[in-house]
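A.B. asks: turn this into a model:
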Amino acid sequence: VGLILFMFTIGMELDLGALKNKMGVIFVISHASIIIPYFMGMLLAYYIFEEFAAAQTDFLSFALFIGISMSITAFPVLARIVQEKGLTKTHLGNVSIASATAWCVLAAVIAITKTGSIESSLYNIGFSVLYVLVMLLVVKPFLKRVGEIYKSSEVVNKSVFAFLLLILILSSYITQVIGIHALFGAFL
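C.D. replies: Numbering: from 1, shown residues only. Sure thing, here's the model as predicted:
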């Protein structure tokens, strides 16, 4: 619960508006930083599969997991470092957090691993894309209107706070049910 609340606060502080014209740079940074470790991890999986994979694990799932685990950093750890260094409101901090979009690759790997094949994981990936679209096109404008209503008041009343907390928990739960981690829901 603490990690979900922490990821929520990091997601709140991320200024996507300041990054809209830098999306190309963010895409290149996030993906270039994972390509070599990803393929090296998949190559390593070829050599360690027999010794370390569980009996029922197929090679594709094992190789994808090893590749992605070698190529990304722990998103909550990165967010904590950015926060502790006071970089959350800076351009560097926003680019660092936004560059963690490589976690989307992890979500795809989790979907493939849980379902057992690429074809059946397309449902998980499709629901994930649908979830992100609903969050950005429906929930975000709704919460922006709620924020504008209560912007002038010094204290948010208990019912509004409980409602926002309910949306946070529901978002985390939905991402967990979809097959990706609850942290994605908390961050979004």
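A.B. asks: could you pull out the helices for this structure?
C.D. replies: With helices called from DSSP state H, the chain shows them at 2-13, 23-52, 59-71, 75-84, 91-98, 103-115, 118-134, 140-150, 158-178, 182-187.
A.B. asks: just the ones you listed: most buried one?
C.D. replies: When the helices of the chain are scored by mean count of other CB atoms under 10 Å, the highest mean neighbour count falls to helix 182-187 (a mean of 24). Yep, even glycine has a C-beta here, placed from its N, CA and C like the rest.
A.B. asks: put the alpha carbons of it into PDB.
C.D. replies: Output of helix 182-187 as PDB, limited to C-alpha atoms (Å, rounded to 0.1, in the frame of the first residue of the first chain):
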ATOM      1  CA  ALA A 182      -0.500  -2.500  -9.500                       C
ATOM      2  CA  LEU A 183       2.300   0.100  -9.600                       C
ATOM      3  CA  PHE A 184       1.400   0.900 -13.200                       C
ATOM      4  CA  GLY A 185      -2.200   1.800 -12.100                       C
ATOM      5  CA  ALA A 186      -0.900   3.800  -9.100                       C
ATOM      6  CA  PHE A 187       1.500   5.800 -11.300                       C
END
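A.B. asks: off-centre distance for it?
C.D. replies: When distances are taken as CA atoms, centre = their mean, to the nearest Å, helix 182-187 is centred 6 Å away from the chain's centroid.
A.B. asks: packing partners for it?
C.D. replies: helix 2-13, helix 75-84, helix 158-178 (3 or more CB pairs under 8 Å, 6 or more residues apart in numbering; DSSP states H and E).
A.B. asks: please redo it, this time with the cut-off set to 10 Å
C.D. replies: Where contact means 3 or more CB pairs under 10 Å, 6 or more residues apart in numbering; DSSP states H and E, helix 182-187 is packed against helix 2-13, helix 75-84, helix 103-115, helix 118-134, helix 158-178.
A.B. asks: for residue 55, phi and psi?
C.D. replies: For residue 55, the backbone dihedrals (degrees, to the nearest 10) come out as phi -60, psi -40.
A.B. asks: burial measure for it, as a count.
C.D. replies: Residue 55 is flanked by 4 other residues according to other CB atoms under 10 Å.
A.B. asks: any idea of the pLDDT on it?
C.D. replies: On pLDDT, residue 55 comes in at 84.
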